[in-house]
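**Student:** Sequence first, predicted coordinates after that:
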Amino acid sequence: MLPVKKMSKTRTRSRRSHHHLTPVNYSTCKKCDQAILPHTACQNCGYVNPGITLKLGKEESK
């Protein structure tokens with residue numbers, strides 16, 4: 001089945017206007033000035049903000 005009328009480019013593009021990609025917000029590492037995602041450890045030096053606390057499970061020894 002074919003469409004009855006042609007849909008204009010403006011109407012199609014207006015409908016798809018919200019399909020755009022959103023940019024990723026990067027922050028910089030305080031020690032090595034590398035670009036990192038916020039609230040994560042640095043891939044280059046491993047620095048984590050001291051204000052962030054991580055809860056780690058205890059390792060059981062046998």
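**Tutor:** Yes, it's here. Since this is a predicted model, take the numbers as computed values, not measurements.

**Student:** if I pick C32, what's in contact with it?
**Tutor:** Going by CB atoms under 8 Å, 6 or more residues apart in numbering, C32 touches C42, N44, C45, Y47. Yep, even glycine has a C-beta here, placed from its N, CA and C like the rest.

**Student:** Give me the distance between it and V48.
**Tutor:** 13 Å (CB to CB, to the nearest Å).

**Student:** What of K6?
**Tutor:** For K6 relative to V48 (CB to CB), the value is 56 Å.

**Student:** between these two, which one's more packed in?
**Tutor:** V48 (13 against 7; other CB atoms under 10 Å).

**Student:** Touching, that one and A41? I think so.
**Tutor:** Yes. Using CB atoms under 8 Å, V48 makes contact with A41 at a distance of 4.8 Å.

**Student:** count of neighbours near the residue nearest to Q34 when sequence neighbours are not counted?
**Tutor:** Computed as CB to CB, 6 or more residues apart in numbering, the closest residue to Q34 that is not its neighbour in sequence is N44, at 4.4 Å. Residues near N44, counting by other CB under 10 Å, number 13.

**Student:** which of the contacts of C32 tops the neighbour count?
**Tutor:** C42 (19 neighbours).

**Student:** that older thread, how about the residue nearest to Q34, what does it touch?
**Tutor:** So, once contact is read as CB under 8 Å, 6+ apart, N44 ends up touching C29, C32, Q34.

**Student:** secondary structure class for it?
**Tutor:** Under DSSP: H, G, I helix; E, B strand; the rest coil, N44 falls in the coil class.
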